[in-house]
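> This is a predicted model, with the sequence first.
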Amino acid sequence: MSAASDEDRAEKLRRQLVGELVSGGVLPSDGWRAAVAEVPRHVFVPTFYRQTPSEQEAVDASSPGEWLEGVYGDQLLVVSPDVKSSSTVPSLMAVMLEALDPADGHRILEIGTGTGYNAALLCHRLGDGNVVSVDIAGGPCRCCERASGRAWVPSSTWRG
Ligand SMILES: C[S@@+](CC[C@H](N)C(=O)[O-])C[C@H]1O[C@@H](n2cnc3c(N)ncnc32)[C@H](O)[C@@H]1O
């Protein structure tokens, strides 16, 4: 499958996810709906792991259909083979973001960058310059690096 058709497929799956979240009643506001529709979760989750009877099996762009269906399903994604790191279920993220209900111009400090996806949703809503995200895990946030140059990456990230 070509990169272009993967992007088309990702966009279609993102629209489906928005539809599910809206019909589930957890994404009522226009601002968050636009953020989920436009922020590419697959950029922030280049690999996730699923449990097989014998191991944690990596799912990534080498099997694009399965990877994108997983990334845009309403499910928690394990993102490290030791199962210590995950990307939160989108519907739970939606509930938290709607409850946060920020106003334009608010500045946000996110504790726990993880994949950077939730930080990217915050950046979409409030602007990159109004979001700082920190994570206790050492090393650079590779997903934010990977997404660098695109919109919706926090102005500052710090990893302990
Ligand atoms: C479930 S993940 C966060 C999900 C993330 N917001 C996303 O969009 O994928 C939790 C993150 O919080 C970080 N964390 C846990 N305790 C922390 C602390 N006391 N200070 C900063 N980061 C912390 C972990 O290293 C992990 O990356």
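Perfect, I can see it now.

> All the helices of the chain, residue numbers only.
Using DSSP state H, the helices of the chain run over 3-23, 30-38, 41-44, 64-71, 90-100, 117-126, 142-147.

> what separates Thr52 from the ligand, distance-wise?
Spatial separation of Thr52 from the ligand under the definition Cβ to the nearest ligand atom, to the nearest Å is 22 Å. Glycine gets a C-beta too; all of them are placed from N, C-alpha and C.

> for that residue, what are its contacts?
Neighbouring residues of Thr52 by Cβ atoms under 8 Å, 6 or more residues apart in numbering: there are none.

> With Gly31 instead?
By Cβ under 8 Å, 6+ apart, the contact set of Gly31 is Arg125.

> Val36 reaches Leu21, doesn't it?
Yes - with contact taken as Cβ atoms under 8 Å, Val36 and Leu21 are classed as touching, separated by 6.6 Å.

> Give me the common contacts of those two.
By Cβ under 8 Å, 6+ apart, Val36 and Leu21 have these common neighbours: 27, 90, 94.

> Thr115: neighbouring residues, count only.
Taking other Cβ atoms under 10 Å as the neighbour definition, Thr115 ends up with a count of 24.

> picking that back up, now tabulate the helices of the chain in CSV and tack on distance to the ligand and mean pLDDT.
Putting the helices of the chain into CSV (distance: least, Cβ to the nearest ligand atom, whole Å; pLDDT from 0 to 100) gives the following:
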stretch, distance to the ligand, mean pLDDT
helix 3-23, 15, 95
helix 30-38, 12, 97
helix 41-44, 7, 92
helix 64-71, 12, 97
helix 90-100, 7, 98
helix 117-126, 3, 93
helix 142-147, 9, 60
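
> and these as a markdown table, adding distance to Val132?
Listed next are the helices of the chain as a markdown table, based on distance: least, Cβ to Cβ, whole Å:
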| stretch | distance to Val132 |
| --- | --- |
| helix 3-23 | 26 |
| helix 30-38 | 18 |
| helix 41-44 | 17 |
| helix 64-71 | 25 |
| helix 90-100 | 15 |
| helix 117-126 | 9 |
| helix 142-147 | 12 |
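
> can you pull up the bridge partners for Val78?
For Val78, the beta-bridge partners under DSSP bridges are Tyr49, Ser86.

> so what's it up against?
Listed by Cβ under 8 Å, 6+ apart, the contact set of Val78 reads 48-51, 56, 85-86.

> hmm, try it at 10 Å
Contacts for Val78 (Cβ atoms under 10 Å, 6 or more residues apart in numbering) come out as 47-51, 56, 59, 84-87.

> TSV for those, including pLDDT?
Listed next are those as TSV, based on pLDDT from 0 to 100:
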residue	pLDDT
Thr47	94
Phe48	96
Tyr49	96
Arg50	94
Gln51	92
Gln56	92
Val59	97
Lys84	84
Ser85	85
Ser86	91
Ser87	93
